[in-house]
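[1] Below are the sequence and a predicted model; questions follow.
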Amino acid sequence: YDDEMQQIAATFPDQFRLDYALSREQNNRRGGKMYIQDKVEEYADEVFDLLNNGAHMYFCGLKGMMPGILEMLERVAKEKGLNFEEFVEGLKHKNQWHVEVY
C-alpha cells in the first residue's frame, strides 16, 4: 500500500504523517530494533493530544505486536499522569480505538 500512502501524504501534508518502523533496517533510540511502538513513542505527545481531540487509533496485523504497543502506551500514559485503563475505555466508548489483529 506504499503508493497509496505516499499519495495521501502528498495530497494532505498537514493532516497525514507517513513514517516507517523497519526492524531490519532501523534502530530505536536505545540501539535496539525499531518496532512500531518505538515509532509511536517518538510522537507520543502528538499522539495523545490527537486522541484527546477525537483522533482514532487503529491496530492491524499480527496479534504478537500488541503487548509491546500496549506496554509503551501504558508507560507513556502513566508519565502523563493518566490512568491507562480508563483512558483506553474512554477511547473505546467513543469508538476511537480499533483493533484488528490475528
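    All right, it came through fine.

[2] Excluding covalently adjacent residues, which one is nearest to the residue nearest the centre of the chain?
    In the chain, the C-alpha nearest the mean C-alpha coordinate belongs to residue 40, at 4.4 Å (CA atoms, centre = their mean). For residue 40, ignoring the flanking residues on the chain, the nearest one in space by CB to CB, 6 or more residues apart in numbering is residue 47 at 6.0 Å. Every C-beta, even on glycine, is put in place using the N, C-alpha and C of the backbone.

[3] what's around that neighbour, how many residues?
    Other residues lying near residue 47 total 16 when counted by other CB atoms under 10 Å.

[4] Which of the helices or strands spans it?
    Per DSSP states H and E: residue 47 is located in helix 44-52.

[5] What distance do you get for the residue nearest to the centre of the chain to residue 17?
    Distance of residue 40 to residue 17, computed by CB to CB, to the nearest Å: 11 Å.

[6] same check, this time on residue 100
    Look at residue 100 and residue 17: by CB to CB, they are 21 Å apart.

[7] would residue 99 count as being in a helix?
    No - looking at residue 99 with DSSP: H, G, I helix; E, B strand; the rest coil, it is strand, so not inside a helix.
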